[in-house]
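Build me a model from this:
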Amino acid sequence: MTLPDVLWPTYVQMLGALSSWLDKAEAQKPGGAADALLSARLAADMFPLSTQIRFACVQAQEGVSRLRGEPLPPSIETLLNEGRNAAEAPGSIADARARIAETVAMVEAAANAPTLPPESPVAHALPQGMVFDLTAGQYVRDWALPQFYFHVMAAYAILRAQGVELGKADYVAHMFAFLRPGTHPAS
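Sure thing, here's the model as predicted:
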């Protein structure tokens, strides 16, 4: 199994789930109430839902770029700036879905592109000036996956805390493709 075999499907599956959670939010909170959810936070010192969505997209785009050994695309800086300013300009559910769709398209376009071997060095610099020296395998295991899931899970938790009816099946909807026929419990 290669590093992209782990990351690419994870990004596509979970971003698809995130988009479907936004569909549920719109269905359950009509008349603009769903857009208002984008300003919701779990705690005062955490970013709002709109930022969590954008930062999940950042993590996916960054993971693809780093594993391909490419410079980060300008879309990452755009998403970061939008995310940092989301409290003032959260956007709409349609905007959030568009960012997710753009990111999924980027990941899917990278499906057959060459990537770094797991032992390749990756220097991961943070805005505060810290730099982590990792192998590509360490980057995937210790940064790319945890950071991506942090933002996806924060988005899920915000939506749940705001009364959107989501459950575990919504979080792992991709697993139903593997469900053995005849084993789903009767409703």
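
Give me the contact list for stretch 129-139.
The contact list for stretch 129-139, computed with Cβ atoms under 8 Å, 6 or more residues apart in numbering, reads 3, 66-67, 115-126, 142-143. C-beta coordinates here come from the backbone N, C-alpha and C atoms, glycine included.

Quick check: residue 111 touching residue 5?
No - if you go by Cβ atoms under 8 Å, residue 111 and residue 5 don't touch, sitting 10.2 Å apart.

now the strands for the chain?
121-125, 131-135 (DSSP state E).

Sheet partners, orientation included, of the first one?
Sheet neighbours of strand 121-125, with direction, are listed as strand 131-135 (antiparallel) (DSSP bridges).

average pLDDT across the partner strand?
Here strand 131-135 scores 96 as its mean pLDDT.

got it, and stretch 19-37?
Taken as a whole, stretch 19-37 carries a mean pLDDT of 95.

next one: stretch 143-150
On average, stretch 143-150 scores 97.

Tell me who's in contact with the residue nearest in space to the middle of the chain.
By Cα atoms, centre = their mean, the chain has its centre lying nearest to residue 56, at 2.9 Å. Shown in contact with residue 56 (Cβ under 8 Å, 6+ apart): 14-15, 18, 148, 151-152, 155.

Mind checking which of those land in helices?
Counting by DSSP state H, those place 14-15, 18, 148, 151-152, 155 in helices.

the helices in this structure, which residues?
3-28, 33-37, 49-67, 74-84, 93-109, 136-139, 145-161, 168-171.

Show me what counts as buried in the longest one.
Taking 16 or more other Cβ atoms under 10 Å as the basis for neighbour counts, the residues of helix 3-28 that come out buried are 3-4, 6-8, 10-15, 17-19, 21-22, 25-26, 28.

Return the angle between stretch directions for that helix and helix 145-161.
Angle of helix 3-28 versus helix 145-161, following axes from the mean of the first three to the mean of the last three Cα atoms, to 10 degrees, is 10 degrees.

Determine how far helix 3-28 lies from the middle of the whole chain.
7 Å (Cα atoms, centre = their mean, to the nearest Å).

Can you list the helices and strands that that helix packs against?
Packing partners of helix 3-28 (3 or more Cβ pairs under 8 Å, 6 or more residues apart in numbering; DSSP states H and E): helix 33-37, helix 49-67, helix 93-109, helix 145-161, helix 168-171.

likewise the second one?
Other helices and strands packing on helix 33-37, by 3+ Cβ pairs under 8 Å, 6+ apart, are helix 3-28, helix 93-109.

so which of those gets nearest residue 172?
Nearest of the helices and strands packed on helix 33-37 to residue 172, taken as Cβ to Cβ: helix 3-28 at 7.9 Å.

Any idea how far apart the tips of stretch 41-51 sit?
End-to-end span of stretch 41-51 (Cα to Cα, to the nearest Å): 10 Å.

residues in contact with it?
Residues outside stretch 41-51 that contact it (Cβ under 8 Å, 6+ apart): 37-40, 55, 82-84, 86-87, 90-91, 96, 154-155, 157-159, 161.
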